[in-house]
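Student: Task: produce atomic coordinates for the following.
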Amino acid sequence: MAVRVNDTQQNIYIQRVNGVLDYITTHPVDELSLKTLAGVAGFSEFHFHRIFKAVVGETLNQFVWRVRIERGANLLRANPDMQISDAAAACGFTSLAGFSRAFKTRFGRSPARWDRQTRLQNEPAAETPPVYQVTELQSCSQEFAVTFREMPAQRLAYIRVHDAYSDANRIEDAYCRLLDWFTARGGNLKDTTLFGMSQDDPDITPVELCRFDWCLRVPDFWQGDEAVTIRDFPACLLATIEMDGHDIQMEDRIWKYFWRAWLPHSQYQPRNLPAMEIYRRFPHEVADQTGGWWDKFYMDCAVPVERL
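Tutor: A predicted model of the protein is given here:
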């Protein structure tokens with residue numbers, strides 16, 4: 001039976017489910033049972049699976065299964081020498097055979113038959129980016145210098161955009177809503193940091209399921225509401241590449257370099273945290289000078305990493 005809810009109730013449901021999505025992504029090896037995740041959301045077990053499906057568009061089991069497999073694919077791509085059994089264990093599978101079957105079901109090939117470079121999605125993204133050879137990406141090492149920095153734990157307010165890459169207006173609208181929310185509460189943009197966090201990789205996740213978060217650092221005592229979700233983001237080590245430029249393809253090239261050239265030859269692997277853009281200037285400030293919001297970037301592309 002359908003339950004009617006008003007906009008405020010619906011937004012609260014979305015905030016709670018977003019917390020569950022974050023929990024699943026950062027705890028892939030934990031017990032992710034209905035009881036555990038319903039407790040994270042603050043809903044009863046009896047109703048939570050229906051609420052989750054209504055908000056996310058996948059059942060709870062489907063989402064957990066997909067996130068674990070995609071986490072394994074990300075680890076294998078970033079670490080060409082990693083044993084498949086190690087990747088399976090790191091994303092919550094109890095056996096290599098189970099992981100291999102799930103991987104083949106999800107991507108149409110077994111992990112042993114994947115070269116760990118080619119795109120796993122059969123369908124093209126909304127705007128197909130250029131294809132780079134690994135040797136071409138490796139030659140970018142002088143252009144894209146990787147530096148490290150420790151990011152302290154911080155409280156973030158965020159708005160999540162679902163199906164983020166099929167319509168750029170969704171991302172722009174969420175950006176405006178987050179900044180309006182922040183300033184309406186008395187926040188000063190000079191005292192915060194803007195993050196753009198990609199929850200999924202379009203090379204691995206179906207583009208219509210990709211999510212993007214706009215985040216602002218907020219004081220520890222701030223709370224979320226029906227419009228914006230609050231999360232405590234953990235301290236982490238970041239590998240970063242600075243980006244300043246008009247080249248709209250540069251960001252894609254940086255991310256390809258990170259995943260296909262730098263990480264596989266480093267002593268690091270990605271953590272169970274989203275890759276992010278850390279803005280040194282707000283996009284709307286740049287727009288005042290250039291006339292286009294997404295024509296020039298002053299930001300750092302960053303991947304949370306840990307030692308192998």
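Student: what about the stretch 201-308 of the chain, any weak spots by pLDDT?
Tutor: Flagging of the stretch 201-308 of the chain using pLDDT under 70 yields the residue ranges 246-248, 288-295.
Student: could you pull out the strands for it?
Tutor: For the stretch 201-308 of the chain, strands defined by DSSP state E, counting those that start in this stretch occupy the ranges 211-218, 229-233, 236-245, 268-270, 275-279, 297-307.
Student: Check the stretch 1-150 of the chain too.
Tutor: 147-151.
Student: so where's it shaky on pLDDT?
Tutor: Across the stretch 1-150 of the chain, the ranges flagged by pLDDT under 70 are 1-10, 121-139.
Student: Just name the most buried of the strands of the stretch 201-308 of the chain.
Tutor: strand 211-218 (a mean of 22; mean count of other CB atoms under 10 Å). In this view, the C-beta of every residue, glycine as well, is placed from N, C-alpha and C.
Student: Which segments of the protein make up each domain?
Tutor: With domains defined by automatic domain parsing, the chain comprises 1-115, 147-307.
Student: For the nearest residue to residue 119 once chain neighbours are set aside, the count of nearby residues, please.
Tutor: Excluding the flanking residues, the one nearest residue 119 by CB to CB, 6 or more residues apart in numbering is residue 203, at 4.7 Å. Neighbour count of residue 203, defined by other CB atoms under 10 Å: 20.
Student: got it, and residue 143?
Tutor: Count around residue 143 with other CB under 10 Å applied: 11.
Student: My guess is the residue nearest to residue 119 contacts residue 116. True?
Tutor: No: assessed by CB atoms under 8 Å, residue 203 is found out of contact with residue 116, at 11.5 Å.
Student: could the strands of the stretch 201-308 of the chain be laid out in CSV, adding distance to residue 165?
Tutor: Below are the strands of the stretch 201-308 of the chain laid out as CSV (distance: least, CB to CB, whole Å):
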stretch, distance to residue 165
strand 211-218, 7
strand 229-233, 20
strand 236-245, 19
strand 268-270, 20
strand 275-279, 14
strand 297-307, 16
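Student: Can you tell me which of those strands is nearest to residue 12?
Tutor: strand 229-233 (10.0 Å; CB to CB).
Student: Restricting to C-alpha, output stretch 42-56 in PDB.
Tutor: Extracted in PDB, the C-alpha atoms of stretch 42-56 (Å, rounded to 0.1, in the frame of the first residue of the first chain):
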ATOM      1  CA  GLY A  42      16.200   4.800  12.400                       C
ATOM      2  CA  PHE A  43      13.400   2.900  10.700                       C
ATOM      3  CA  SER A  44      11.700  -0.300  11.600                       C
ATOM      4  CA  GLU A  45      12.900  -3.400   9.800                       C
ATOM      5  CA  PHE A  46       9.400  -4.200   8.700                       C
ATOM      6  CA  HIS A  47       9.200  -1.000   6.600                       C
ATOM      7  CA  PHE A  48      12.800  -0.100   5.800                       C
ATOM      8  CA  HIS A  49      13.200  -2.300   2.700                       C
ATOM      9  CA  ARG A  50      10.200  -0.600   1.100                       C
ATOM     10  CA  ILE A  51      11.500   2.900   2.000                       C
ATOM     11  CA  PHE A  52      14.900   2.100   0.700                       C
ATOM     12  CA  LYS A  53      13.600   0.800  -2.700                       C
ATOM     13  CA  ALA A  54      11.300   3.800  -3.000                       C
ATOM     14  CA  VAL A  55      14.200   6.300  -2.500                       C
ATOM     15  CA  VAL A  56      17.100   4.500  -4.200                       C
END
